[in-house]
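Student: Build me a model:
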Amino acid sequence: MRILFSGTPAYGHLLPLLPLERAARKAGHATAFLTHASLGDLVAPSPVLSAGASLEETLGEFRRRTGTDAAEDMSPATAGEFFGGTRVDLGADAAPAAARGFGTDLVVAETADFLGPLAASHLGVPWASHGVGIALESPLPSELRPWAPRRSSVRPGRRARPSSVCGRSRPTVPRPGRRPGTSTR
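Tutor: Numbers count the residues shown, from 1 in each chain. Next up, the predicted model:
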C-alpha cells in the first residue's frame, strides 16, 4: 500500500505523524509526506512531495491578505482563514498532482491539514484524520471545517469525509481552571 501522510509544514503538525509513518514503512508500506520541501530533514528518510508554500510564505501571504499576524492571533476566524483558506489557496493545485504521481492508496492527514483530504477526494482514495498531537480547542474545530470546502469548491472534485479517525487530540498542558486529562471537546 502507498500511504501519503499530509500536514502543515511545521514541526508541531508533522512530528505526531512520524510514529505512524515509521510503523507503516517498517510494515512494508511505501510512505511519503505531502508538505513543503523545507521539512524534508524532519521526515527523512520518507520522501517529501512538495505541495503548497512554506510556513513562512503562508504566514506572509496571510498577513498580506488580512493584515493579521497569524503567529500572534490564532482566533477561530484567523485559524479558519489560515489553514482552510490561505494554505489551501497556495497548495490546492499541486496537492492532487503530487498525490497522483506517488500512486497514493490512502492519505493520513493531521487535524489542521486540508491539502491531503483535497488530494484524496480528487483521486477517489480514502483518507484518515490523524487526531493525535495538535489539540484544537472549541470552537476551532467547527470554525476550521467550512473554510477548505469553500475554497476548494472552485476546483473540480468534491471533498470526501474521512473514512476513519486515528486517535483523539488532547492538550498536553491543561488550561488554567481545567483538570488534567479532561477533554476539550
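
Student: what about the spatially most central residue of the chain, which SS state?
Tutor: Nearest to the geometric centre of the chain sits Asp113, at 1.8 Å (Cα atoms, centre = their mean). The three-state label given to Asp113 by DSSP: H, G, I helix; E, B strand; the rest coil is coil.

Student: can you pull the contacts of it?
Tutor: Shown in contact with Asp113 (Cβ atoms under 8 Å, 6 or more residues apart in numbering): 6-8, 13, 83. In short, each C-beta sits where N, CA and C put it, glycine included.

Student: ok, it to Ser6 distance?
Tutor: Distance of Asp113 to Ser6, computed by Cβ to Cβ, to the nearest Å: 5 Å.

Student: Ser129 falls within a strand, correct?
Tutor: Yes - judged by three-state DSSP, Ser129 forms part of a strand.

Student: how deep is it tucked in, by neighbour count?
Tutor: 19 (other Cβ atoms under 10 Å).

Student: Distance from the longest helix seen in the chain to the middle of the chain?
Tutor: Of all the elements of type helix in the chain, the one with the most residues (DSSP state H) is helix 55-66. Mean-position distance between helix 55-66 and its chain equals 17 Å (Cα atoms, centre = their mean, to the nearest Å).

Student: Now that helix - C-alpha only, CSV.
Tutor: Output in CSV follows, covering the C-alpha atoms of helix 55-66 (Å, rounded to 0.1, in the frame of the first residue of the first chain):
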residue,chain,number,x,y,z
LEU,A,55,5.1,28.1,6.8
GLU,A,56,6.9,31.4,6.5
GLU,A,57,5.5,32.0,3.0
THR,A,58,2.0,31.1,4.1
LEU,A,59,2.3,33.4,7.2
GLY,A,60,3.5,36.2,4.9
GLU,A,61,0.7,35.7,2.4
PHE,A,62,-1.9,35.6,5.2
ARG,A,63,-0.6,38.9,6.6
ARG,A,64,-0.7,40.5,3.1
ARG,A,65,-4.3,39.4,2.6
THR,A,66,-5.7,40.1,6.1
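
Student: Arg63 and Ala98, how far apart?
Tutor: 26 Å.

Student: more neighbours, these two?
Tutor: Applying other Cβ under 10 Å to Arg63 and Ala98 shows that Ala98 carries more neighbours, namely 21 against 14.

Student: wait, what's in contact with that one?
Tutor: With Cβ under 8 Å, 6+ apart, Ala98 has these contacts: 34, 49-51, 119.

Student: mind listing the helices for the protein?
Tutor: Under DSSP H, the chain gives helices at 11-14, 18-26, 40-43, 55-66, 76-81, 87-91, 94-102, 115-123, 140-144, 147-152.

Student: quick revisit: let's have the contacts of Asp113 in a markdown table, adding pLDDT, neighbour count and distance to Pro19.
Tutor: Listed next are the contacts of Asp113 as a markdown table, based on pLDDT from 0 to 100; neighbours: other Cβ atoms under 10 Å; distance: Cβ to Cβ, whole Å:
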| residue | pLDDT | neighbour count | distance to Pro19 |
| --- | --- | --- | --- |
| Ser6 | 96 | 33 | 16 |
| Gly7 | 94 | 29 | 13 |
| Thr8 | 93 | 25 | 18 |
| His13 | 90 | 22 | 14 |
| Phe83 | 87 | 27 | 23 |
